[in-house]
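Have a look at this prediction, sequence included:
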Amino acid sequence: MRPCKNAQNPEEISGFFPARRRWWAVRRRQIIIGRGLCWYRCFDLTALPARERHAALSLQIKQWSPLSNEAGTERGEVQTWIVWQEGLAMVWLWEAISPQAGSGYQIPEPLLYKRGQAELRQLALQQGYELQYWDLKGVLRFSQWSPVAFSNFALQAFFLAVDQQYKLSTIEQSWVTAQRLPLLADAWKAAYLPSLDRIAFVGQLFCGLALLALLTLIIWFTAQNRLGEQSYQTQQAALQTLRQQAAPLVELRTQALEEKQRLDSLTSLLPKQTQLQIMADFSMIIAQLAPEARIETWGWTDGGLQVDISGLLIDQPSLVEALKAEGTFANIRIEIPRGGAKQLRIFADSRPVNANE
């Protein structure tokens with residue numbers, strides 16, 4: 001039913017009431033929108049899946065809305081208030097009040113009265129009267145507003161319209177008398193599913209949990225980073241201590257290596273073999289070629305080693321090759337003294353270390 005525009009003034013019917021205190025929202029005042037400024041309709045969407053009901057309801061509201069269907073008139077912002085009861089949607093529609101009326105939480109007046117259940121009733125509002133029919137589930141199926149008291153004819157017509165669709169049983173006649181109910185502190189819609197506040201609460205709760213998880217991760221990563229830095233600093237301090245403790249040992253080792261290098265340098269200046277070593281090598285070669293031979297004399301001359309050998313004759317070419325192969329001797333000469341067929345005198349160049357030097 002279309003309300004009478006001139007019957008009510010938003011400034012007169014808009015009262016301010018405290019909103020319920022919620023920890024996720026700031027305190028806001030409620031602006032009551034009189035029933036005479038609202039359109040109401042109940043939409044039955046129980047035949048649709050739950051996920052499709054909101055989209056279908058939005059489409060049906062656009063098709064039904066008297067504000068959007070009127071042409072040639074200037075309209076302000078259209079606001080709606082929707083209360084879901086399972087698959088049933090109770091929808092109030094009104095044109096937003098002017099900014100001069102103040103900002104706040106706009107709410108239709110009928111939601112501030114106690115809900116009915118399986119009854120017809122007539123309410124005396126702040127301005128005007130409203131006929132209501134509530135079903136067993138507490139859903140407002142029919143609503144009709146009038147700026148003046150309903151006549152008997154209007155009451156009878158309302159009763160017949162409801163009875164034709166819902167087959168009313170025994171109804172008390174007291175409903176024809178208008179009753180004035182006290183205003184509630186907040187809309188009863190908050191107790192039913194799904195309320196806008198509950199949806200907002202779930203969204204804010206989700207955002208809060210996500211933010212808490214993000215803060216937890218940030219704190220954890222910060223703590224891990226701090227622990228890593230502390231561990232690195234501890235390791236650096238321990239390494240510095242070890243370096244200080246090992247510095248004397250490293251210095252001693254460096255000195256020892258330098259002394260060894262100097263000793264090796266001096267040693268490299270010496271001949272590789274001494275006189276005794278050279279003579280020992282010569283004796284081993286003679287013993288291999290002629291085990292029965294005997295060294296009579298040996299000595300050192302300017303030319304090198306001189307050895308006299310007696311005993312069995314030795315194959316001279318083999319002796320020369322053996323001495324050359326040893327690597328110490330060079331310019332090898334072999335002489336046979338007069339009268340000594342079994343004697344050899346061997347000369348070989350060599351530079352051993354002189355024991356007296």
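Structure's in. What do you need? Numbers count the residues shown, from 1 in each chain.

going forward, measure contacts between C-alpha atoms and count neighbours the same way
Fine.

Please spell out which residues along stretch 267-281 are buried.
Within stretch 267-281, the residues that count as buried by 16 or more other Cα atoms under 10 Å are Gln275, Ile278, Met279.

And for stretch 158-170?
Phe158, Phe159, Val162.

Repeat that for stretch 57-68.
Leu57, Ile61, Ser65, Leu67.

mind putting those in CSV, distance to Leu217 included?
Below are these laid out as CSV (distance: Cα to Cα, whole Å):
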residue, distance to Leu217
Leu57, 41
Ile61, 45
Ser65, 49
Leu67, 50
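
Among those residues, which pair sits farthest apart?
Leu57 and Leu67 (16.4 Å; Cα to Cα).

packing partners for the one helix or strand Gln132 maps to?
Per DSSP states H and E, Gln132 falls inside strand 129-134. Other elements packing on strand 129-134 under the criterion 3 or more Cα pairs under 8 Å, 6 or more residues apart in numbering; DSSP states H and E are strand 119-124, strand 140-146.

can I get the CA coordinates of the longest one in PDB?
I take that to be strand 140-146. What follows is strand 140-146, C-alpha atoms only, in PDB (Å, rounded to 0.1, in the frame of the first residue of the first chain):
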ATOM      1  CA  LEU A 140       5.000 -10.900   8.600                       C
ATOM      2  CA  ARG A 141       3.000 -12.000   5.600                       C
ATOM      3  CA  PHE A 142       0.700  -9.000   5.100                       C
ATOM      4  CA  SER A 143       1.000  -5.400   6.200                       C
ATOM      5  CA  GLN A 144      -1.300  -2.400   5.400                       C
ATOM      6  CA  TRP A 145      -0.900   1.200   6.700                       C
ATOM      7  CA  SER A 146      -3.400   4.000   7.000                       C
END
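
what residues does whichever helix or strand comes after it touch?
Remark: after strand 140-146, the chain's next helix or strand is helix 152-166, criterion DSSP H and E. Helix 152-166 is contacted from outside by Leu131, Tyr133, Phe142, Leu168, Val176, using Cα atoms under 8 Å, 6 or more residues apart in numbering.

how about CSV for those residues, with pLDDT and distance to Glu95 added?
Formatted as CSV, those follow (pLDDT from 0 to 100; distance: Cα to Cα, whole Å):
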residue, pLDDT, distance to Glu95
Leu131, 93, 22
Tyr133, 93, 24
Phe142, 91, 21
Leu168, 78, 34
Val176, 81, 30
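
which among those residues gets closest to Pro49?
Phe142 (24.3 Å).

doesn't Trp39 make contact with the closest one?
No - using Cα atoms under 8 Å, Phe142 is not in contact with Trp39, being 11.4 Å away.

From Arg51, how far off is Tyr40?
24 Å (Cα to Cα, to the nearest Å).

So the two - more neighbours on which side?
More neighbours surround Tyr40 than the other of Tyr40 and Arg51, with 23 against 8 (other Cα atoms under 10 Å).

before we move on, which element is the more buried one in?
Taking DSSP H and E as the definition, one finds Tyr40 inside strand 38-44.

which residues are contacting that strand?
Applying Cα under 8 Å, 6+ apart, the set of residues contacting strand 38-44 is 1-3, 57, 66, 87-95, 108, 140-143.

Separate out the buried members of those residues.
3, 57, 88-95, 108, 140-143.

So Leu214: helix, strand or coil?
Classification of Leu214 by DSSP: H, G, I helix; E, B strand; the rest coil places it in helix.

Can you check the pLDDT for it?
Looking at Leu214, its pLDDT stands at 92.

count of residues packed around it?
12.

which element is the residue nearest in space to the middle of the chain on?
Nearest to the mean C-alpha position of the chain, counting by Cα atoms, centre = their mean, stands Leu217 at 6.8 Å. Per DSSP H and E: Leu217 is located in helix 196-268.

can you count the residues close to Thr234?
12.

tell me how far the very next helix or strand once past the strand holding Tyr40 is from the chain's mean position?
Using DSSP H and E, the helix or strand that follows strand 38-44 in sequence is helix 50-64. Helix 50-64 sits 39 Å away from the centroid of its parent chain (Cα atoms, centre = their mean, to the nearest Å).

Helix 50-64 to strand 38-44, inter-axis angle?
140 degrees (axes from the mean of the first three to the mean of the last three Cα atoms, to 10 degrees).

and Gln117, what element?
Following DSSP H and E, one finds Gln117 outside all helices and strands.

ok, it touching Gln132?
No - with contacts counted by Cα under 8 Å, Gln117 stays clear of Gln132, the gap being 10.4 Å.

Neighbour count: the two, which is higher?
Gln132 (20 against 15).

How about the secondary structure of Trp94?
strand.

What count of nearby residues applies to the nearest residue to it once chain neighbours are set aside?
In space, and not counting its chain neighbours, Trp94 is closest to Cys38: 4.7 Å by Cα to Cα, 6 or more residues apart in numbering. Neighbour count of Cys38, defined by other Cα under 10 Å: 21.

any idea how far the helix holding Leu217 is from the chain center?
With Cα atoms, centre = their mean, you get 23 Å for helix 196-268.

Tell me which of the helices and strands packed on strand 129-134 sits nearest to Ala47.
Checking those against Ala47 by Cα to Cα gives strand 140-146 as the closest, at 16.9 Å.

can you give me how far the strand holding Tyr40 is from the chain middle?
The answer for strand 38-44 is 47 Å, by Cα atoms, centre = their mean.

What would it look like as PDB? C-alpha coordinates only.
The C-alpha trace of strand 38-44 is given here as PDB (Å, rounded to 0.1, in the frame of the first residue of the first chain):
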ATOM      1  CA  CYS A  38       7.800   2.700   3.900                       C
ATOM      2  CA  TRP A  39       6.600   0.000   1.500                       C
ATOM      3  CA  TYR A  40       6.500  -3.600   2.700                       C
ATOM      4  CA  ARG A  41       6.300  -7.000   1.000                       C
ATOM      5  CA  CYS A  42       7.100 -10.600   2.000                       C
ATOM      6  CA  PHE A  43       8.900 -12.600  -0.700                       C
ATOM      7  CA  ASP A  44       8.800 -16.400  -0.700                       C
END
